[in-house]
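1. Return a 3D structure for these sequence lines:
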Amino acid sequence: MTNISKQRLLSLDTLRGFDMFWIIGGDILFKALGQQTNWSWADALARNMDHATWEGFYGFDLIFPLFMFISGVAIPYALFSQLEKGVTTKALYPKILKRACILIILGMVYNGGLNFDFENLRIASVLGQIGLAYLIAALIAIHFRKCNAIVFWIIGILIGYAILQLVVPVPEYGAGILTPEGSINSYIDRMLLPGKLYGTVFDPEGLLCIVSAAAITLMGTLAGLILRSDHFTPYKKVLLFVITGLGLIIIALVLNNWYPIIKSIWTSTFNLLTGGISFVLLAIFYLIIDVWNYQKWTFFFRVIGLNSIAIYMAVAMVHFQATSDFLFSGFASFFGDFKLVILALGLIIIEWLFLYFLYKKNIFIKI
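-> Predicted structure coming up:
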């Protein structure tokens, strides 16, 4: 069998593209299908295309942590390969810090930073959390490069974070009050985070959430270390990922009875659940694409995954939906109740063609 451990993994780009697909219109498409058909699978998907209000978990809650897991998988490929070539850890600091700073700035731009209304600007952001969690995970990873050490860091962060949320008292509320107003996350964000908070009294990308999110990024790093290792056959890697993933999911669901799964404050149980699902998804994509070499179908998703930051920012700056309405409204009117489905497909097609243009021009925005 061909040694694929150190080659670029098509499965990783495909999984990233699959993840981004739901952000750029996949959710709208399946919501429309669920509304306009009696298909049980479409209705089930449609009901999962929203975030949980507070406690609980929907499929759409996986999108963000899965992306962070994938960014963690890339750490051994992007950084460890340089260390193996003789680059010092200190020489990597500027690169890691630069990436974090750029993502923080882009996150503020995404939130409306170019309006220069800094008093009402939301400083916390999805991109900022990705950048800072990556910064924490990357610094840990380049100093502790063994799987065992990474596992200890993951466990330490998850347990330490759980202790903070469950044991440390919040003034006027007490300890273990996991509500929007009473959680330790909310209290710290109100005290220390400048600008506007997403949830008025809390922010799902707040300061403590960044620390928690570093754990799932490190889970990805652990997966990346295993993928690059020559000590396991591809099938053993798949088996390891499936066992690990299912184990994390079971632990999360058991603990959920006492320590609820809450995305908005990134409880450790949320990390365990989404990390477990991410391991299983990586196993499936890796097995099909890189081990069994079924790769032709991946092109659609790889075009998205190779320019994930570009499309994330473009969606904020370009009204793709208006273009879809302009081009496809007339055509969609022939489909009666399915008009919204056709317009959602049009939106995805236009966004994908934009990314395909970048792909053909060999333009890839990497940070």
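2. Would you check that residue 331 makes contact with residue 339?
-> No. Contact between residue 331 and residue 339 fails when scored by C-beta atoms under 8 Å: they sit 9.3 Å apart. Using the backbone N, CA and C atoms, a C-beta is placed for each residue, glycine as well.
3. In this structure residue 195 contacts residue 121, no?
-> Yes. Counting by C-beta under 8 Å, residue 195 does reach residue 121; the two are 4.8 Å apart.
4. can you list the residues that contact the lowest-mean-pLDDT helix or strand in the chain?
-> Here the helix or strand of the chain ranked lowest by mean pLDDT, DSSP states H and E is helix 40-47, holding a mean of 85. With C-beta atoms under 8 Å, 6 or more residues apart in numbering as the test, helix 40-47 has contacts from 30-31, 33-35, 37, 58-59.
5. Tell me the gap between that helix and the middle of its chain.
-> Taking the mean of its C-alpha atoms, helix 40-47 sits 22 Å from the chain's own mean (C-alpha atoms, centre = their mean, to the nearest Å).
6. list the helices and strands the next helix or strand after that helix packs on?
-> For helix 40-47, the following helix or strand on the C-terminal side (DSSP states H and E) is helix 63-75. Counting contacts by 3 or more C-beta pairs under 8 Å, 6 or more residues apart in numbering; DSSP states H and E, helix 63-75 packs against helix 10-21, helix 126-143, helix 207-228, helix 268-285.
7. where along the stretch 251-367 of the chain do the helices fall?
-> With DSSP state H, counting those that start in this stretch, the ranges of helices along the stretch 251-367 of the chain come out as 268-285, 299-305, 308-317, 320-332, 339-360.
8. can you redo those as TSV with mean pLDDT, distance to residue 220 and mean neighbour count?
-> Compiled in TSV, the helices of the stretch 251-367 of the chain are given as follows (pLDDT from 0 to 100; distance: least, C-beta to C-beta, whole Å; neighbours: other C-beta atoms under 10 Å):
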stretch	mean pLDDT	distance to residue 220	mean neighbour count
helix 268-285	98	7	24
helix 299-305	96	15	21
helix 308-317	92	15	17
helix 320-332	91	29	15
helix 339-360	94	23	18
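9. Now distance to residue 81 too, for these, in JSON lines please.
-> Shown next, in JSON lines, are the helices of the stretch 251-367 of the chain (distance: least, C-beta to C-beta, whole Å):
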{"stretch": "helix 268-285", "distance to residue 81": "19"}
{"stretch": "helix 299-305", "distance to residue 81": "20"}
{"stretch": "helix 308-317", "distance to residue 81": "21"}
{"stretch": "helix 320-332", "distance to residue 81": "36"}
{"stretch": "helix 339-360", "distance to residue 81": "24"}
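10. Can you check which of these gets nearest to residue 216?
-> Nearest to residue 216 among those is helix 268-285; the distance by C-beta to C-beta comes to 5.0 Å.
11. and the angle for that closest one with helix 63-75?
-> For helix 268-285 against helix 63-75, the angle by axes from the mean of the first three to the mean of the last three C-alpha atoms, to 10 degrees is 60 degrees.
12. what about helix 268-285, distance to the chain center?
-> 11 Å.
13. Next, the angle helix 10-21 makes with that helix.
-> Using the same axes, to 10 degrees: helix 268-285 against helix 10-21 is 130 degrees.
14. C-alpha coordinates for helix 268-285, CSV please?
-> These are the backbone C-alpha positions of helix 268-285, laid out as CSV (Å, rounded to 0.1, in the frame of the first residue of the first chain):
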residue,chain,number,x,y,z
SER,A,268,-16.2,20.8,28.1
THR,A,269,-19.1,18.4,27.3
PHE,A,270,-19.6,20.4,24.1
ASN,A,271,-16.0,19.9,23.2
LEU,A,272,-16.1,16.2,23.9
LEU,A,273,-19.2,15.7,21.7
THR,A,274,-18.1,17.8,18.8
GLY,A,275,-14.5,16.5,19.0
GLY,A,276,-15.9,13.0,19.0
ILE,A,277,-18.0,13.6,15.9
SER,A,278,-15.1,15.3,14.2
PHE,A,279,-12.9,12.3,14.8
VAL,A,280,-15.5,10.0,13.2
LEU,A,281,-16.1,12.3,10.2
LEU,A,282,-12.3,12.5,9.6
ALA,A,283,-12.1,8.7,9.8
ILE,A,284,-14.9,8.4,7.1
PHE,A,285,-13.4,11.0,4.8
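15. so which of the helices and strands packed on helix 63-75 comes closest to residue 172?
-> It's helix 207-228; of the helices and strands packed on helix 63-75, that one is closest to residue 172 (C-beta to C-beta) at 18.2 Å.
16. Report the inter-axis angle for that closest one versus helix 63-75.
-> Using the same axes, to 10 degrees: helix 207-228 against helix 63-75 is 50 degrees.
17. So which elements touch helix 207-228?
-> helix 63-75, helix 126-143, helix 147-167, helix 184-192, helix 234-255, helix 268-285.
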